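[1] I'd like to go over a predicted model; first the sequence, then the structure.
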Amino acid sequence: MTELPGSELGAVIGGRLQRDFILPFEGKPRLNIVGGNLPYAAAAFAFWGGRAGLYARVPLAFELRQLDPLKEKGCDLSGIVRVKEPLDDRRFLAYTDPLSPHSDNPIAYFAERNIPFPRELIGYENECLHFCSKLEYETYTARVTDLPRPYLEVSAAHLCPIDFLSHKILISLLKAGMIETLTMRASSGYMDSSFWEDMRGLTADLTAFMLTEAEALRLFRGRSVDLWEIAEALAHYGPEFVLVHLPDGSVRLFDRMGHKRWVIPAYPARTVDPTGMLDAFDGAFLLNYRNKYDPVEAALCGNVTAAVCMEGFGPYYVLDTLPGLMNARLEVLRTRVSSA
């Protein structure tokens, strides 16, 4: 596969490529479709006009043609690493209300809805139920030799949730290159008080660190329940910006350099499938931050992109959105931003 020169790429986006099995709150099941967090972030980045080099580890059987919509938008696929070792790339999500996903015990959810259990899910175990290891590699964990050389010449990158070791390795590799802007979304597997001592080293070189309210409270269990206090504490580890996503879709943005607090409201949307909405936010945030270096504007673009993502199915739904619609929603949302 021909590698694009790093100068032709706007960013590197690393994450997971998986086969999604989704039972929406309403509508028919979406089974064995391309998913994981990487394509959602990449599609949002591409929608706003960016060209990204994509990184993930996948099984040998993974079909790259599933990424054709991203390739057509200028994304580079030379960072997709096929591995010979067994790699379980399945992800199961069942929604019991429009916004509440469950990823354990798929047999029960299929039985409850009287839907035949897919053979592809036999033997499925939810990896999200386990904490990340600080020492042991998973098959999907990044290796120091994974990134193509041109990816180290790119000046911006975003890391989707993977695992603790992947984030440590990839941050080290990227910062040794030409990265100027590095954003990362926390992985739920290490957002726990047992990783408290590790967070300073993990986040020190980030431009922006994204996490959910639930993750913030787990990490700071016994220390704080004040989200602004948590965001400020994390920002003092190094990130210029800390963005905490609340269940209602709004974002609390702490700006360390300006010592400012912003509340970015969610754009009201009809929820069809919220899978990947946070990853879509991240892809849009990175591209728009790089355009204007305005974190509030970038977060606004992220929230309107997340809203569009929720209104359809799959990572590529956002690519069919009319730019005029997105811009109109931006105008509405800008008037609702507040400082705290």
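    Alright, I've got the coordinates. Please read these numbers as outputs of a predicted model, since none were measured by experiment. Numbers count the residues shown, from 1 in each chain.

[2] any weak-confidence spans in the chain?
    The chain contains residues with pLDDT under 70 at 1-7, 128-129.

[3] which residue is nearest the middle of it?
    Asp279 (3.2 Å; CA atoms, centre = their mean).

[4] Relative to Pro265, how far out is that one?
    From Asp279 over to Pro265 the distance is 20 Å, taken as CB to CB, to the nearest Å. Where you see a C-beta, it was placed from the backbone N, CA and C, and this is true even at glycine.

[5] sorry, back to before: show me what contacts the residue nearest to the centre of the chain?
    By CB atoms under 8 Å, 6 or more residues apart in numbering, the residues touching Asp279 are Gly15, Asn37, Leu38, Tyr40, Ala41, Ala44, Cys160, Arg185.

[6] Which of the helices or strands spans Arg200?
    helix 199-203 (DSSP states H and E).

[7] in its sheet, what does the very next helix or strand once past that helix sit against?
    Using DSSP H and E, the helix or strand that follows helix 199-203 in sequence is strand 208-212. Strand 208-212 pairs in its sheet with strand 181-185 (parallel), strand 241-245 (parallel), by DSSP bridges.

[8] Pull out the buried positions in the last one.
    Counting neighbours by 16 or more other CB atoms under 10 Å, one finds that the buried residues in strand 241-245 are Phe241, Val242, Leu243, Val244, His245.

[9] Bridged to the residue nearest to the first one when sequence neighbours are not counted, which residues?
    In this case it means Phe241. Nearest non-adjacent residue to Phe241, counting by CB to CB, 6 or more residues apart in numbering: Ala208, 4.2 Å away. Judged by DSSP bridges, the bridge partners of Ala208 are Thr183, Phe241.

[10] if we can go back for a sec, now distance to Gly27 too, for the buried residues of strand 241-245, in CSV please.
    Compiled in CSV, those are given as follows (distance: CB to CB, whole Å):
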residue, distance to Gly27
Phe241, 36
Val242, 35
Leu243, 30
Val244, 30
His245, 24
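
[11] Gly123: which of those residues is nearest?
    The nearest member of the buried residues of strand 241-245 to Gly123, counting by CB to CB, is His245 at 32.3 Å.

[12] show me the contacts for the closest residue to that closest one other than its chain neighbours.
    Closest residue in space to His245, ignoring its immediate chain neighbours: Thr212 at 4.9 Å, by CB to CB, 6+ apart. Taking CB under 8 Å, 6+ apart as the contact definition, Thr212 lies against Ala186, Val244, His245, Leu246, Leu278.

[13] and if you look at Ser338?
    So Ser338 contacts Trp262, Val263 (CB under 8 Å, 6+ apart).

[14] swap in Ser166?
    Gly14, Tyr140, Thr141, Ala142, Leu159.

[15] Likewise for Val225?
    By CB under 8 Å, 6+ apart, the contact list for Val225 reads Leu217.

[16] measure Val58 to Tyr140 for me?
    In terms of CB to CB, Val58 sits 8 Å off from Tyr140.

[17] closest to Tyr316 out of the strands paired with strand 208-212?
    That would be strand 181-185 among these, by CB to CB, at 19.9 Å.

[18] coming back round to it: please spell out which residues along the helix holding Arg200 are buried.
    Judged by neighbour count (16+ other CB under 10 Å), helix 199-203 contains these buried residues: Met199, Leu202, Thr203.
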